[in-house]
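# Pasting the sequence and the predicted model now:
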Amino acid sequence: MNKSFITNIVSLLLIGLSFILPHPYHHSFLFTGLFALSGAITNQLAIHMLFERVPFLYGSGVIEKNFESFKASIHTMIMKQFFTKEQISSFFAEEEKKIDLVPLVESADFSPAFNALSKTVMESKFGNAVQMFGGEDALESLRKPFEEKLKSAVSTIVSTEAFKAQLNHHIQHSSLSKDLLDSIDKLITNRLDELTPYMVKNLVQELIQAHLGWLVVWGGVFGGLIGLISSSIL
């Protein structure tokens, strides 16, 4: 049983008891029950009107009617609360500290670099001299030492604090964060565009339905108190 049903049952019980109780208590129970039932039903109707359209009741179905505004609000909230440029820059700054490029360098293939060097040498004025000693085949014996030396040099460069500082500066001042923000904005907008008024209504209803039941309870409680006070005055 939900909160609304229990509140209505208690209110009806108070009204029922009023008809079997003697005069001093009759009015107190009757007024308390009637006002409690009135407060509970009024709040139930208000909650129903929040999500559903009721004929001839202006303002009902406000969630569905204003679903475009709700979508815009959700979009604005997500972008402003979670994906600001400052937050993206801060994220990159923190992640940059964890970046270790040395394993990437060690696993990289430096053959294109040696091939380019070999081609450059053969096409230079020293090419003819190298041809006398076997040409490109003679240079092939230098491939492994060259790649090892180049890997070592690049690993040393990417491990320096100066390189890391430059990388961090580039990340924070490049268009990367803006491009990422644009992509996130587009993704969120596209996803929200898929929502229908019915989906928005159900989304909001699921989020707050559990708490709205207390409106009925407190409507019944305060209505009952007003009825009890009224019975002592009237």
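Ah, there it is.

# from here on, contacts and neighbour counts on C-alpha atoms
Noted.

# Let me know the helix or strand that Gly227 is in.
Applying DSSP states H and E as the criterion places Gly227 in helix 197-233.

# element containing the residue nearest to the spatial centre of the chain, please.
Geometric centre of the chain, nearest residue: Ile78, 5.6 Å, by C-alpha atoms, centre = their mean. For Ile78, the host element (DSSP H and E) is helix 67-82.

# Can you list the buried residues in the helix holding Gly227?
197, 200-201, 205, 212-228, 231 (16 or more other C-alpha atoms under 10 Å).

# what ranges of the protein fall below the confidence cut-off?
Within the chain, the segments meeting pLDDT under 70 span 1, 88-89, 91-101, 121, 125-135, 138, 164, 167-178, 207-211.

# hey, where'd the helices end up in it?
3-18, 23-51, 62-65, 67-82, 85-98, 102-107, 111-123, 127-132, 136-140, 143-159, 161-173, 176-193, 197-233 (DSSP state H).

# Out of those, which one sits most buried?
Comparing these by mean neighbour count (mean count of other C-alpha atoms under 10 Å), helix 23-51 comes out on top with a mean of 21.

# Figure out how far it is from the centre of its chain.
40 Å (C-alpha atoms, centre = their mean, to the nearest Å).

# okay, the angle between it and helix 197-233?
160 degrees (axes from the mean of the first three to the mean of the last three C-alpha atoms, to 10 degrees).

# Quick check, Gly227 in contact with Phe31.
Yes: the pair Gly227 and Phe31 passes the contact test of C-alpha atoms under 8 Å, sitting 4.7 Å apart.

# Find the residues that touch each one of these two.
Listed contacts common to Gly227 and Phe31 are nil; contacts here mean C-alpha atoms under 8 Å, 6 or more residues apart in numbering.

# Identify the residues contacting the residue lying closest to Ser232 once chain neighbours are set aside.
Closest residue in space to Ser232, ignoring its immediate chain neighbours: Ser28 at 7.2 Å, by C-alpha to C-alpha, 6 or more residues apart in numbering. Neighbouring residues of Ser28 by C-alpha under 8 Å, 6+ apart: Ser18, Gly227, Leu228, Ser231, Ser232.

# can those go into TSV with extra columns for distance to Gln87?
Compiled in TSV, the contacts of Ser28 are given as follows (distance: C-alpha to C-alpha, whole Å):
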residue	distance to Gln87
Ser18	63
Gly227	54
Leu228	56
Ser231	60
Ser232	61
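
# outside of the helix holding Ile78, which residues touch it?
For helix 67-82, contacts defined as C-alpha under 8 Å, 6+ apart pick out Ile63, Asp185, Ile188, Thr189, Leu192, Pro197, Val200, Lys201.

# now that helix against helix 197-233, angle please.
Going by the same axes, to 10 degrees, helix 67-82 makes 100 degrees with helix 197-233.

# Any idea how far helix 67-82 is from the middle of the chain?
Counting by C-alpha atoms, centre = their mean, helix 67-82 comes out at 10 Å from the chain centroid.
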